[in-house]
Each structure stands twice: as structure tokens, then as C-alpha cells.
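Student: show me how the following folds:
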Amino acid sequence: MEFAKTHSAGFLANHMARLFAAGLQQRFKELDLAPAQFMVLLELWEEDGLTQAVLTDRLDVEQATMANTLSRMQRDGLIDRIANPKDKRTRGIKLTPKAREVRQKALAAAATQNAEALKGLNEQEAETLIALMQKVILTLKRR
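Tutor: I've put the predicted structure just below:
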């Protein structure tokens, strides 16, 4: 069987992810945010104080990648690392006021990017695409 990138789920998902990230990067420019930082912020806006290990697990990224992202976020004034009173070996990642202030604009930019990307689909197609993507992600996570 010949490999055809136009019919490869992995190739297409990767290509789509890069296009989404590029669009988000453009929209986040005025906010001084990177798409990787936004992913971390999404988790922390839901549950502030998570550890690096929990963030790494939830976002399915390498520990070194998460460490670098968190270092940049701390440098940029988006997070602080605080001692965990229950476990002195870990540190909680806490949002700064700057990270809280950027929330609504970042969410609006992401919603605009999503709407732009999906505007060629009707509502049912968009819902189906998202449901199928969620199903594939769950399948891959189980491995």
C-alpha cells in the first residue's frame, strides 16, 4: 500500500495543528503569549496551583518541554512557583495577576481562531470533527 499524505490522519492532524498554532501565534502577538503558554494557562485557569508533573501529564508533553515553557512563563511574569506545603519536593504553579488579566483576551483570540478554521464547515460537521478528534485522542492516550 502506498503512503498518501492527503489520506494520512497523522500527517493531516500534524499539519492542521501547525496551522492552528501559527494562527494563534499571530492572534496572541499583542498579548505576548505563545500557543504553548496558552495551553498551560488553560489548565491553570481551571485549576490554579497544579504541579509541573500534573501539567506535563494533562498536556501530554515531555517533562523538559514543560520545564522550558514554565521557565519562559515565569520570566514573562505569567506564573510563580510556590512551595507545596504537603510535599516539599514539588512546587505549585500559580497564576500571576498578569495571567489573570490576559484571560478574556486570550480566550477570545482562541475562539476567533477556531471559528476562522471551522468556517468552511456547517455546525454539524464542526461538531462531528471535534467529536472524532476527541475519540482519536482518547484512543491514543490509552496506548
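
Student: how close does Leu24 get to Thr69?
Tutor: Distance from Leu24 to Thr69, counting by CB to CB, to the nearest Å: 14 Å. The way it works is simple: take the backbone N, C-alpha and C, and place the C-beta from them, glycine included.

Student: quick one: residues in contact with the host helix or strand of Met39.
Tutor: Taking DSSP states H and E as the criterion, Met39 maps to helix 35-46. Applying CB atoms under 8 Å, 6 or more residues apart in numbering, the contact partners of helix 35-46 are 20-21, 24-25, 28, 33, 50, 55, 58-59, 65-66, 69-70, 72-73, 76, 78-79, 93-95, 99, 102-103, 106, 110.

Student: what separates it from the chain centre, distance-wise?
Tutor: Averaging C-alpha positions (CA atoms, centre = their mean, to the nearest Å) puts helix 35-46 6 Å from its chain's average.

Student: cool, and stretch 15-22?
Tutor: 12 Å.

Student: what residues of that stretch count as buried?
Tutor: Neighbour-count burial for stretch 15-22, with 16 or more other CB atoms under 10 Å as criterion, is recorded at 20-21.

Student: what does the helix or strand harbouring Leu70 rub up against?
Tutor: If you go by DSSP H and E, Leu70 is part of helix 63-75. Residues outside helix 63-75 that contact it (CB under 8 Å, 6+ apart): 34, 36-37, 40, 52-53, 55-56, 59, 61, 79-81, 93, 99.

Student: ok, back up a step: buried sites along the helix holding Met39?
Tutor: By neighbour count on 16+ other CB under 10 Å, the buried set for helix 35-46 is 35-41, 44.

Student: so what does Ile82 look like in phi/psi?
Tutor: Backbone torsions of Ile82, given as degrees, to the nearest 10, read phi -120, psi 150.

Student: thanks a lot, catch you later.
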